[in-house]
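Visitor: requesting a structural model of the entry that follows:
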Amino acid sequence: MVTWRSALPSDDAARVLLDQYFQARAQGFPDGPEAYRRTEPIDAEYRLPVGVFLIAEGENLSGEPADVGCGGIRRVADGPLGARFELKHLWVLPHARRRGVGRALLDELVDRARALGGQELVLDTHRSLDAAAALYAALGFSPIEPYNDNPNATTWLGRAL
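Guide: Residues are numbered from 1 along each chain as shown. Below is the predicted model:
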């Protein structure tokens with residue numbers, strides 16, 4: 001079972017997860033770790049009513065309670081559907097993958113974006129992230145025009161809320 005707790009990206013538990021996220025992204029970056037650009041999340045962008053950052057609470061490898069993932073949404077400039085939120089830093093620890101944690105976390109963030117008045121949820125990603133692409137497609141995301149200039153992104157996706 002997975003539960004959620006709100007945090008700010010600068011909170012200690014969030015920092016641990018985000019550091020792991022950034023390290024994994026850099027190590028897996030097709031152009032090499034030195035080409036990956038780390039962009040630190042700003043707390044103010046993840047405070048209500050403009051955003052939220054969640055930590056997924058599950059179990060560690062020993063079955064004890066532990067933080068197993070994170071992700072956030074933040075308000076960005078309105079898009080063609082109206083109020084637009086962006087999904088950022090969706091991360092699930094390797095031992096917790098393939099257990100529905102990522103999907104549940106993304107579903108929760110979709111619900112939170114909708115509750116904050118969002119009409120659309122968007123994200124940027126890299127074509128090398130096959131598992132993430134499959135999850136996004138299964139949840140109704142489809143290609144959209146680039147809405148930012150993220151140097152780490154090759155693909156921009158969105159879905160109506």
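Visitor: export only the CA atoms of the helix or strand hosting E57, formatted as PDB.
Guide: In this assignment (DSSP states H and E), E57 forms part of strand 51-59. Only the C-alpha atoms of strand 51-59 are listed here, as PDB (Å, rounded to 0.1, in the frame of the first residue of the first chain):
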ATOM      1  CA  GLY A  51       1.600  23.400  -6.900                       C
ATOM      2  CA  VAL A  52       2.300  20.500  -4.700                       C
ATOM      3  CA  PHE A  53       5.200  18.100  -4.100                       C
ATOM      4  CA  LEU A  54       4.400  14.600  -2.800                       C
ATOM      5  CA  ILE A  55       6.400  11.800  -1.300                       C
ATOM      6  CA  ALA A  56       5.200   8.300  -1.800                       C
ATOM      7  CA  GLU A  57       5.400   6.200   1.300                       C
ATOM      8  CA  GLY A  58       5.600   2.500   0.900                       C
ATOM      9  CA  GLU A  59       8.100  -0.200   2.100                       C
END
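Visitor: which other helices and strands does the helix or strand following it contact?
Guide: Next along the chain after strand 51-59, taking DSSP H and E as the criterion, comes strand 65-79. Other helices and strands packing on strand 65-79, by 3 or more C-beta pairs under 8 Å, 6 or more residues apart in numbering; DSSP states H and E, are helix 12-27, strand 51-59, strand 82-92, helix 101-115, strand 120-125. (Each C-beta comes from the backbone N, C-alpha and C, glycine too.)
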